[in-house]
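Novice: let me see the structure of the following:
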Amino acid sequence: MTALTSSSFKRLVQVLKKSKKTCTVVEQCCGGTINTSIMAQPGASSVFYGGSIAYNTKKAKGLLLNDEDLHESLMSPSPSPSGAGASSSKDDSTSPSNDYIQSKFDWTAKTSVAFCKALDTDYAIAEGGAAGPTFGPDDMDTGFAVLSVAGRGHGGDDDSVKVLKQKVVHSTHNNREQNMRLFADAASKLLTEVIEGNDDSLSQTSSVSVSDDTNVVLDRATALRSDPQALVEMEPQAKYVIVKKNEILFRSSTELALLSHDDVAHLKNDQNQMTFLGRLSDESKTPLFGIDILKGHVSGESDDKDLLFDGCAFADTRTNAPLLPPLQNELALHMMAYANWQRRSCFCASCGAPLTLIHAGTAQQCTACKALSWPRQDPSMIASITSRCGERILLARSKRHPPKMHTVLAGFVEAGETFEAAVARETWEETGIRIDEGSVQYIGSQPWPFPQSCMIAFTATADENQPLNIDENELVDAKWFDRHDVLAATKVEGAVMQKEVAEAALAEDPTLSLLVPPKRVIARTLIDTWLQRSQ
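Specialist: Numbering: from 1, shown residues only. Modelled structure (predicted):
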């Protein structure tokens, strides 16, 4: 169980304790991950009554309260095998996989209510699905889990039990271990959301999410930066992003922690730096601030980062921010860019006098000559070099990358140099390959505040028969890879730029020729663009 997954269960147990509620759990494809993750948390024995794992459908009746109906509904309807007259199209609402998923909605609803009643708990969560790598339905190739939460006393009758919320979670792969953790994490968050939604006393101090609605964007509200009174008035309603060194606070591996004003009151002091990031563009106009923790830990000097904020954990921004939804990713990079600039730029470039932060941390002014300065982004090129036939791509591994991690070429643009010339120069210097003249095409861009770059992405072509001449000061390896090998690498999920994650992925599938960066980084966008064009 990862630290971030553990943090979601820590939060769940804390919410149960604070609300003085109890729960039980019934699992199918998670195989006990939810039960054990709850039991691993301190104080769980006061709120968790235990649970059941109905894994073997032939022998699970005793684990399902000896309830014939629960047992039969777990086993059926069985997905039709290929050739049995059922369609295998994923777009067909009557396909075997859709029937199978629907059956889990029915089963988890019945089971959550039955266990909540039988064990006399306040809440029960039931999970049913398929984690992989093999599946019963012939038209299913990725994992899913249906989650149902039942609760007591929410229908006007203190003893009534009903289903409060259901949710289906789909994965993008058939990696059994990763899916079990994904589904377990989703279960803990779903139950936490239900409990918090039913208890107003919990909603004001909990970590909350930024909406993933693509219509909601970050309004940087630049005019408000120079209005101190408006900023002070926004603080009580604001949400806060927390940064420490090169790490940012996460609620889970795919969710940024956004804390309330009460949660961060103890951080607002002269030792830490607060920055105005903007506000959401939706009707809420929620203000957003970032806090950079500059002086050790708030609660002593413990190295245990989980102790700093209950239910959350710090993780490396560079490797984990790409796992966030787009808006949360933007917030993370936005705050990290300001934090890096504020720490690094302390003296005036003109006269050498100390600088002071103004405009809510977004600008600096010299204390002597009064010159103003703002954060800068250094232009960098990043490019996918593909063969003229379009069937192969040139990828490289640097010394800082984990084993087999290959990515596209990148480098800084020099003074007086065009981006096209930088693509040609960096490719030649690092690999000895001359790109085709006039083949450079713009794809997109991404801020990369490590420490202060803006990556401008291009594609280009080259003759793959040229000899490779690798600059060993920059690279460990560079190769031409075909589409099949790269496509297999894109199926690996998670923070694969971290050594331990990469090693686990290779141990899970030793046949992988390489690993590639995760989605939502511009390097992966270039790789995916090539894969789509080469189909």
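Novice: skipping adjacent residues, who's closest to residue 278 in space?
Specialist: Sequence neighbours aside, residue 220 is the residue nearest to residue 278 in space, at 4.1 Å (criterion: CB to CB, 6 or more residues apart in numbering). For the C-beta atoms, the positions are set from N, CA and C on the backbone; glycine is no exception.
Novice: so which residues of the protein form helices?
Specialist: Secondary structure of the chain (DSSP state H): helices at 3-19, 33-39, 68-75, 96-119, 176-197, 200-203, 228-234, 261-264, 317-320, 326-344, 419-431, 483-490, 499-508, 522-533.
Novice: taking helix 68-75 as reference, get the angle to the longest one.
Specialist: I take that to be helix 96-119. Relative orientation of helix 96-119 and helix 68-75, computed by axes from the mean of the first three to the mean of the last three CA atoms, to 10 degrees: 150 degrees.
Novice: now for helix 96-119, which elements pack on it?
Specialist: Using 3 or more CB pairs under 8 Å, 6 or more residues apart in numbering; DSSP states H and E as the contact criterion, the elements in contact with helix 96-119 are strand 23-27, strand 48-53, helix 68-75, strand 123-130, strand 144-152, strand 161-170.
Novice: kindly report the same for the third one.
Specialist: The criterion is 3+ CB pairs under 8 Å, 6+ apart, and the helices and strands that helix 68-75 contacts are helix 96-119.
Novice: in the helix it packs on, what's buried?
Specialist: Neighbour counts using 16 or more other CB atoms under 10 Å place 96-101, 103-105, 107-117, 119 of helix 96-119 among the buried residues.
Novice: follow-up on the earlier one: tell me which of the helices of the chain lies nearest to residue 359.
Specialist: The closest approach between residue 359 and any of these, judged by CB to CB, belongs to helix 228-234 at 9.4 Å.
Novice: only alpha carbons, please: show the closest one as PDB.
Specialist: Only the C-alpha atoms of helix 228-234 are listed here, as PDB (Å, rounded to 0.1, in the frame of the first residue of the first chain):
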ATOM      1  CA  PRO A 228      -4.400  44.300  -0.200                       C
ATOM      2  CA  GLN A 229      -7.800  44.800   1.300                       C
ATOM      3  CA  ALA A 230      -9.500  42.600  -1.300                       C
ATOM      4  CA  LEU A 231      -7.000  39.900  -0.700                       C
ATOM      5  CA  VAL A 232      -7.500  40.000   3.100                       C
ATOM      6  CA  GLU A 233     -11.200  39.700   2.600                       C
ATOM      7  CA  MET A 234     -10.800  36.700   0.400                       C
END
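Novice: for it, buried residues please.
Specialist: 231, 234.
Novice: begin at 17, not 1, for the rest of this chat.
Specialist: Sure thing, new numbering starts at 17, so read that last one as helix 244-250.
Novice: which residues does it contact?
Specialist: Surrounding helix 244-250, the residues in contact under the criterion CB atoms under 8 Å, 6 or more residues apart in numbering are 240-241, 292, 295, 303, 376.
Novice: most surrounded residue in those residues?
Specialist: Going through the contacts of helix 244-250 with other CB atoms under 10 Å as the criterion, the one with the most neighbours is residue 292, at 25 neighbours.
Novice: check the offset of stretch 418-433 from the chain's centre.
Specialist: A distance of 24 Å separates the centroid of the chain from that of stretch 418-433, by CA atoms, centre = their mean, to the nearest Å.
Novice: what do you get for stretch 460-480?
Specialist: The chain centroid and the centroid of stretch 460-480 are separated by 22 Å, computed with CA atoms, centre = their mean.
Novice: stretch 406-418 too?
Specialist: Centroid separation for stretch 406-418 versus its chain: 24 Å, with CA atoms, centre = their mean.
Novice: now do that stretch, average pLDDT.
Specialist: Within the predicted structure, the mean pLDDT of stretch 406-418 is 95.
Novice: now stretch 26-41
Specialist: Averaged across stretch 26-41, the pLDDT comes to 91.
Novice: picking up where we left off before, make a markdown table out of the helices of the chain and add distance to residue 367.
Specialist: Rendered in a markdown table, the data for the helices of the chain read as follows (distance: least, CB to CB, whole Å):
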| stretch | distance to residue 367 |
| --- | --- |
| helix 19-35 | 46 |
| helix 49-55 | 57 |
| helix 84-91 | 75 |
| helix 112-135 | 67 |
| helix 192-213 | 52 |
| helix 216-219 | 50 |
| helix 244-250 | 26 |
| helix 277-280 | 36 |
| helix 333-336 | 33 |
| helix 342-360 | 18 |
| helix 435-447 | 33 |
| helix 499-506 | 51 |
| helix 515-524 | 44 |
| helix 538-549 | 37 |
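Novice: where does pLDDT dip in the stretch 167-316 of the chain?
Specialist: Judged against pLDDT under 70, the low-scoring parts of the stretch 167-316 of the chain cover residues 170-174, 215-230, 311-316.
Novice: point to the residue nearest the middle of the chain.
Specialist: Note on the chain: the residue nearest the mean C-alpha position is residue 270, at 2.3 Å, using CA atoms, centre = their mean.
Novice: what's the nearest residue to that residue once chain neighbours are set aside in contact with, if anything?
Specialist: Excluding its sequence neighbours, the residue lying closest to residue 270 (CB to CB, 6+ apart) is residue 339, at 5.2 Å. If a contact means CB under 8 Å, 6+ apart, then residue 339 has 269-270, 510-511, 534, 536 as its contacts.
Novice: closest to residue 450 out of those?
Specialist: The closest of those to residue 450 turns out to be residue 534 (CB to CB; 30.7 Å).
Novice: just give me the neighbour total for the closest residue to that closest one other than its chain neighbours.
Specialist: In space, residue 534 comes closest to residue 338 once its chain neighbours are excluded; the distance is 4.7 Å by CB to CB, 6+ apart. Counted with other CB under 10 Å, the burial measure for residue 338 works out to 22 neighbours.
Novice: right, and residue 338 touches residue 536 too?
Specialist: Yes - in this structure, residue 338 is within contact of residue 536 by CB atoms under 8 Å, at 4.3 Å.
Novice: which residues do those two both contact?
Specialist: Where contact means CB under 8 Å, 6+ apart, the residues bridging residue 338 and residue 536 through contact with each are residue 345.
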